[in-house]
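Trainee: What shape does this take:
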Amino acid sequence: MTNVKTYRDLIVWQKSMKLVTEIYKATKSLPADELYTLTSQLRRCAISIPSNIAEGYGRNSTLDYKRFLQIATGSLFELQTQIEIAVNLKYLAAEKFEALFNAAKEIEYMLIALLKKIN
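Mentor: Presented below is the predicted three-dimensional model:
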């Protein structure tokens with residue numbers, strides 16, 4: 001992490017930004033009646049992940065940083081649950097689910113490792 005000058009240098013932030021884009025693309029095909037429910041919730045959870053990584057990084061406190069990384073992790077778990085709901089309802093193809101879930105799992109491992117590193 002010695003080359004990290006800003007939150008944008010964090011690979012976990014970069015990957016979570018890509019995940020947001022993929023969630024937005026995937027949710028475009030959800031039914032219109034899900035716009036204010038599952039679609040909105042999926043997007044808000046996805047946005048929350050890199051946003052909390054960035055906000056925590058910007059705090060002047062290691063304790064605050066850890067707390068925001070924990071919030072990002074919670075949002076990630078929520079997102080994983082919601083993409084599983086979407087595939088169960090047949091709103092997402094199994095292949096799309098696998099791609100999104102695998103990307104989310106990679107971010108999960110990275111967040112957990114980052115939390116351990118700053119502890």
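Trainee: Now do the same contact list for Ala94.
Mentor: Val87 (Cβ atoms under 8 Å, 6 or more residues apart in numbering). Where C-beta positions appear, they are placed from N, C-alpha and C, glycine not excepted.
Trainee: Tell me how far it lies from Lys28.
Mentor: According to Cβ to Cβ, to the nearest Å, Ala94 stands 18 Å off from Lys28.
Trainee: If you count residues, where's the longest helix of this protein?
Mentor: When the chain is parsed with DSSP state H, its longest helix is helix 62-88.
Trainee: helix or strand right after that one?
Mentor: helix 94-118 (DSSP states H and E).
Trainee: in that following helix, what's buried?
Mentor: Of all the residues in helix 94-118, those buried under the rule 16 or more other Cβ atoms under 10 Å are Lys96, Phe97, Leu100, Phe101, Ala103, Ala104, Ile107, Glu108, Met110, Leu111, Leu114.
Trainee: Just put the residues you listed in CSV and tack on distance to Leu69.
Mentor: Formatted as CSV, the buried residues of helix 94-118 follow (distance: Cβ to Cβ, whole Å):
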residue, distance to Leu69
Lys96, 27
Phe97, 26
Leu100, 21
Phe101, 21
Ala103, 18
Ala104, 15
Ile107, 11
Glu108, 12
Met110, 10
Leu111, 6
Leu114, 6
